[in-house]
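>>> 3D model of this:
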Amino acid sequence: MKALIDKELRENLKVAVPVFLLLTVVCWLAAWDGGGNALLGAESLRIFSLMCAGFGAILGWLQIHHERPRDLRAFLVHRPITRTGIFFAKIIVGLLLYFLAVSLPLIGYLIWISIPGHLGAPFEWGTAVPAAGWALAGPLWYFAAMLTSLREARWYASRGMGLAAALPVQALALTMPGLPLLWQFEVAICLLIAALALAVWGSFQTNGEYQGQPLRGKAALAGVMALGTSVVVLVAIVFLANVFYQRDSEVFYAVTKTGGVFRVVTRNNEPAVITDLTGTRLKDPKTGADIEYEEFNRELARQYGVSVDFGNPRKAFNLLEPREFFYVGWREVDGIRWYWTRHGYLVGYEGRTHRFVGRVGPRGLLKDGLSSGEGFLRPGFSGHQITPRTLATSNSVYQLDLRNRAARPIFTTSADDRIVGTRDVSDSATTIVTKQFIQVVDTAGKILCQFPHSPQYREPNSVTVFPLEARDQFVLWIYPSRLQSESLAGRFQMVRISGGEVGPKIELEPAEPPRSADGRIDEALSFFVSPAFPFIKPLLFRLALSHVPIQWNLVRIAIVSAALCAMAGWLIGRRYRFEVQAQIGWVLFHLLTGFPGLLAFLCVREWPARETCPACKKPRMVDRGHCEHCDAHFSPPEKTGTEIFAPLNCDRTGGLLAGTDPKSEMRLA
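Reported below is the predicted structural model:
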C-alpha cells in the first residue's frame with residue numbers, strides 16, 4: 001500500500017498545491033479586509049463553500065480518471081493487493097491532501113484574527129463552525145466525483161447522478177450559510193458522505209458495474225442514485241412550474257405617511273394599479289388621473305419589523321448571517337464600535353486601532369469581563385434610518401449612554417409578563433412586544449399606547465410598525481403565530497394608533513389569494529418525488545421560521561405513487577427473472593423512495609438484450625446459457641465459411657467416436 005500511496009501523492013499533489021496557495025491568498029486578503037472579519041460573513045462563506053466543493057470534485061474525479069488511459073487500472077488491480085486496499089490508498093491520500101489544502105489556510109486565518117488588535121470586533125472560536133462545516137462538505141463532492149468517474153454509464157443518462165446527489169447540500173450552502181451551526185445538519189452530511197463512500201467502494205470492486213458488487217455497495221449505490229434522481233425530478237418540476245405558471249404580477253399592501261392603506265398591483269411594464277381597501281383607484285390630486293407608481297412611493301411611510309421570539313431570542317440562530325449569532329454590530333459612538341455579543345453585553349472596539357475599550361451590561365460598565373445578572377436580548381435592527389437607543393432584557397428596556405458607559409431602565413414588565421421583542425421605530429418611540437401586550441413607549445419610558453393580544457394573534461410571528469407623519473401616530477401589522485398561520489390562510493391584523501388611542505383591529509385578507517396552480521405543483525411534487533417529501537417539507541419551512549403542517553392529501557398521493565412504482569418494479573423484475581430475495585428488496589426500496597427510486601432501479605442495473613428463443617418463441621435474455629422459459633440451449637451459430645476448426649465428433653467421455661479419422665476432423669476453413 002505504501003507504493004500506491006506514494007503514487008497517488010505524486011499524481012495529485014500538483015492539484016492540491018495551487019488550491020492551497022489560492023486559499024492562502026484569499027485568507028490573507030480577508031485578514032486585512034474590514035478589520036479581519038471578512039471570511040466570517042455570509043457572502044464569504046458562500047464563496048468558500050463553492051471553492052471546497054470544486055476542489056473536492058476535481059480531486060475525486062482525477063484520481064480515477066488518471067488510470068483510464070492505457071488501461072492503467074487493469075495493471076493496478078493485478079498487483080498483489082486487494083481492490084479494497086487500492087480503494088483505501090486512494091481515499092487516504094485524497095482526503096489528506098484535501099484537508100491539508102483547505103484547513104491550513106483557515107486555521108492560520110483564525111489564529112491571526114484571534115490575536116488582540118487584529119480584529120476590530122469580538123472573536124470566538126465558535127465563529128469558525130460554519131466555515132469548518134462547509135469544509136466538511138468537500139468530501140461529499142470528492143466521493144460523488146469518484147463515483148461519477150467510476151460508473152460505466154452515459155453522461156446524458158445516469159452517470160452524473162452521484163454529483164446530483166450532492167447538489168442539495170450546495171444549494172443549502174448558498175441560501176443558508178449558517179446551517180453548520182445545527183449539529184443535526186452535520187450528522188446528515190456525515191451520513192451522506194458514508195453512503196457515497198460505500199457506493200464508491202462497491203463500484204471499485206467491479207470497475208463501475210452493478211453486477212457482482214457486494215450487497216452493501218449495491219444498497220448504497222441505489223440510495224445515492226435515488227437521491228440524485230430526486231434532485232433531477234425536483235429541478236425539472238420547478239423549471240416547468242416557472243415556465244408554465246410564472247407569476248406575471250406582484251401584489252402587496254402599502255401604508256402612506258398619512259395612514260392610508262392601499263393595495264398595489266404591478267404587472268411587467270404596465271402601469272401599477274393602486275386601490276384603497278374598498279377597491280377605489282387612488283388619484284393624483286394635481287392631475288386627477290391615476291397616481292404614478294414613482295409618485296406613490298414618495299408618499300410611503302417607513303416600516304420597521306419587530307422580530308418576535310417566544311423561546312429564547314438571545315440564543316436564536318441566524319442561518320442567513322451566521323456571524324450575527326455570535327455578535328451584532330449595534331452602534332458607533334465617538335469612533336468606538338459597539339457590538340452585542342451572545343453573552344448578553346455590549347463590547348466596544350476603537351475603530352481605527354481595533355483596541356478593546358470595555359464591556360457594558362444592564363448594570364453599566366463591567367469589569368474583568370464578568371457579567372452580573374441577566375444580559376441584553378438580541379437587538380432588533382434599526383437599519384440606517386434611525387439611531388438605535390435601547391436594548392432589552394427579558395423584563396426591562398434600557399436607554400444606553402455609551403459615552404458614560406451607563407444603562408438606564410425606562411420600562412419594566414410585570415412579574416407575570418416577559419419581553420419577547422423590541423425595536424426603536426422612531427427617534428422618540430420604541431415598540432415593545434411582551435407575552436401579554438403590544439405597547440409603544442417614548443424615550444422617557446412613558447407608555448403611549450398599550451393593547452393585549454387578540455386570541456387568534458396570540459404569540460405573533462412578527463410585528464411591522466409604520467410611524468406616520470403626525471406625531472404619536474402609528475399603523476401596526478400583526479402577523480399570526482406559526483401554528484395559526486395555516487388556519488388564517490395568509491391574513492393578518494392591522495391596528496391604527498393615534499395620540500395614544502388604539503383604533504379598531506381590522507383583519508386584512510391576503511393581498512393576492514393563493515392560486516390553484518400552487519396546489520397542483522405540490523401534488524406533482526408529491527407524486528414524482530420520494531414519499532418522505534410531505535414530511536420533509538414542514539421541516540424545511542420550519543428552518544425558515546414559518547410553520548407548515550403536514551398536508552395529508554399530499555401524503556396519500558405519495559403513497560399511491562410509491563405503490564404504483566413498487567408494482568412496476570415487481571413486473572420488471574419478473575420479466576428479467578429476478579430472484580425472490582431481490583424482488584422483495586426492490587419492492588421495499590420502491591415503497592420508500594417512490595418514483596425517483598424506480599428511476600434509480602432502471603439506472604443502476606445492467607439490462608441484457610433479449611432475443612426470440614427458437615424453441616418456445618418467447619423473448620429470452622442473451623446472457624444466460626439456457627432459456628428461462630423452456631430451459632432450451634442456444635442454437636449453434638450458422639456457419640459462414642470462416643471457421644478454422646470444425647467441431648469434433650466426440651462421445652460423452654470426450655473421446656472420438658469409432659470410425660472417425662482425427663485428421664479429417666481438423667480442417668482449415
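>>> buried sites along the biggest helix by length in the chain?
Criterion DSSP state H: the longest helix present in the chain is helix 83-114. Residues of helix 83-114 classed as buried: 86-91, 93-95, 97-98, 101-102, 105-106, 109-110, 112-113 (neighbour count, 16 or more other Cβ atoms under 10 Å). For glycine as for every other residue, the C-beta is placed from the backbone atoms N, C-alpha and C.
>>> also stretch 212-223?
213, 217-223.
>>> which one of those residues is nearest to residue 185?
Closest approach to residue 185 among the buried residues of stretch 212-223 (Cβ to Cβ): residue 223, at 18.9 Å.
>>> you'd agree the closest one is in a strand?
No: per DSSP: H, G, I helix; E, B strand; the rest coil, residue 223 lies outside any strand segment and is helix.
>>> correct me if wrong: it contacts residue 196.
No: between residue 223 and residue 196 there is no contact under Cβ atoms under 8 Å: 9.5 Å.
>>> what stretches of the stretch 201-350 of the chain score poorly on pLDDT?
In the predicted model of the stretch 201-350 of the chain, residues 246-247, 311-318 satisfy pLDDT under 70.
>>> which residues in it form helices?
Taking DSSP state H, counting those that start in this stretch as the test, the helices found in the stretch 201-350 of the chain are 215-244, 293-298, 323-326.
>>> columns distance to residue 359 on top of the buried residues of stretch 212-223, output as TSV?
Compiled in TSV, these are given as follows (distance: Cβ to Cβ, whole Å):
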residue	distance to residue 359
213	60
217	56
218	59
219	55
220	52
221	55
222	56
223	51
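>>> what residues does stretch 146-160 touch?
60-61, 63-65, 90, 161-163, 196, 199-200, 203-204, 207-209, 221, 224-225, 228, 603-604 (Cβ atoms under 8 Å, 6 or more residues apart in numbering).
>>> now swap in stretch 593-605 and tell me
Identification of contacts with stretch 593-605 by Cβ under 8 Å, 6+ apart yields 153, 157-158, 161, 210-211, 218, 221-222, 225-230, 233, 527-531, 558, 561-562, 565, 568-569, 572, 586, 589-590.
>>> and that stretch, what's buried?
593-605.
>>> show me where the stretch 101-250 of the chain has strands.
For the stretch 101-250 of the chain, the strands defined by DSSP state E, counting those that start in this stretch cover 249-255.
>>> quick check: closest non-adjacent residue to residue 9.
Spatial nearest neighbour of residue 9, excluding adjacent residues (Cβ to Cβ, 6 or more residues apart in numbering): residue 93 at 5.6 Å.
>>> in this structure the one you found contacts residue 10, no?
No: counting by Cβ under 8 Å, residue 93 stays clear of residue 10, with 9.8 Å between them.
>>> how close does residue 59 sit to residue 82?
23 Å (Cβ to Cβ, to the nearest Å).
>>> more crowded one of the two?
residue 59 (25 against 12; other Cβ atoms under 10 Å).
>>> any idea which helix or strand carries that one?
Per DSSP states H and E: residue 59 is located in helix 42-65.
>>> which strands or helices does that helix pack on?
Here helix 42-65 touches helix 2-31, helix 83-114, helix 129-136, helix 138-150, helix 161-175, going by 3 or more Cβ pairs under 8 Å, 6 or more residues apart in numbering; DSSP states H and E.
>>> what's next to stretch 253-261, contact-wise?
Residues from elsewhere that reach stretch 253-261, judged by Cβ under 8 Å, 6+ apart: 262-264, 276-277, 296, 299-301, 303, 466, 468-470, 473, 475, 494, 496, 498, 508, 511.
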